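**Q** what shape does this take:
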Amino acid sequence: MYNISDVPPELQDAAKLLEAQIVEAQKKCQHIFEKVMGKDPHYWPSLYEKTQLDDDWNVIKEFHCTRCNFRKPFRELPFIVCHQCGGLMKLDHTEQFGGERAHIHKCTSCGHEYDTT
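**A** Numbering: from 1, shown residues only. Here you go, the predicted model:
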């Protein structure tokens, strides 16, 4: 949550106690998660030409609970879980790409595609 060395020494015990209370409350919470989207220069779904010039893809970065402020990082593989909506990706078809076969995965929820070789 924070770096304990940034807390004044006289408040460190209180800060540790508060952090423990926050963690306990977040464990008990019936989470309502929202997607937190952001630009990712390392995410590119197509093996072919860029479809958006000089623009990074807006993808899921994490999930945030609106009740307790718990944040859960999004670390799923893009050909298994859709980075646009969080839906399940399924192999849709294959295409020839250079000397290899490209596997085109399609989201079962939003239709977003992600290519792999």
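**Q** could you find the closest non-adjacent residue to Phe74?
**A** Ile60 (4.6 Å; Cβ to Cβ, 6 or more residues apart in numbering). In short, each C-beta sits where N, CA and C put it, glycine included.
**Q** partner strands of the one helix or strand the one you found maps to, parallel or antiparallel?
**A** Element membership of Ile60 [criterion: DSSP states H and E] is strand 57-65. Neighbouring strands of strand 57-65 in its sheet, by DSSP bridges, are strand 33-40 (antiparallel), strand 71-73 (antiparallel).
**Q** in JSON lines: those, plus mean pLDDT.
**A** As requested, the strands paired with strand 57-65 are exported to JSON lines (pLDDT from 0 to 100):
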{"stretch": "strand 33-40", "mean pLDDT": "92"}
{"stretch": "strand 71-73", "mean pLDDT": "94"}
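**Q** can you add distance to Thr117 and give those back as CSV?
**A** Below are the strands paired with strand 57-65 laid out as CSV (distance: least, Cβ to Cβ, whole Å):
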stretch, distance to Thr117
strand 33-40, 20
strand 71-73, 27
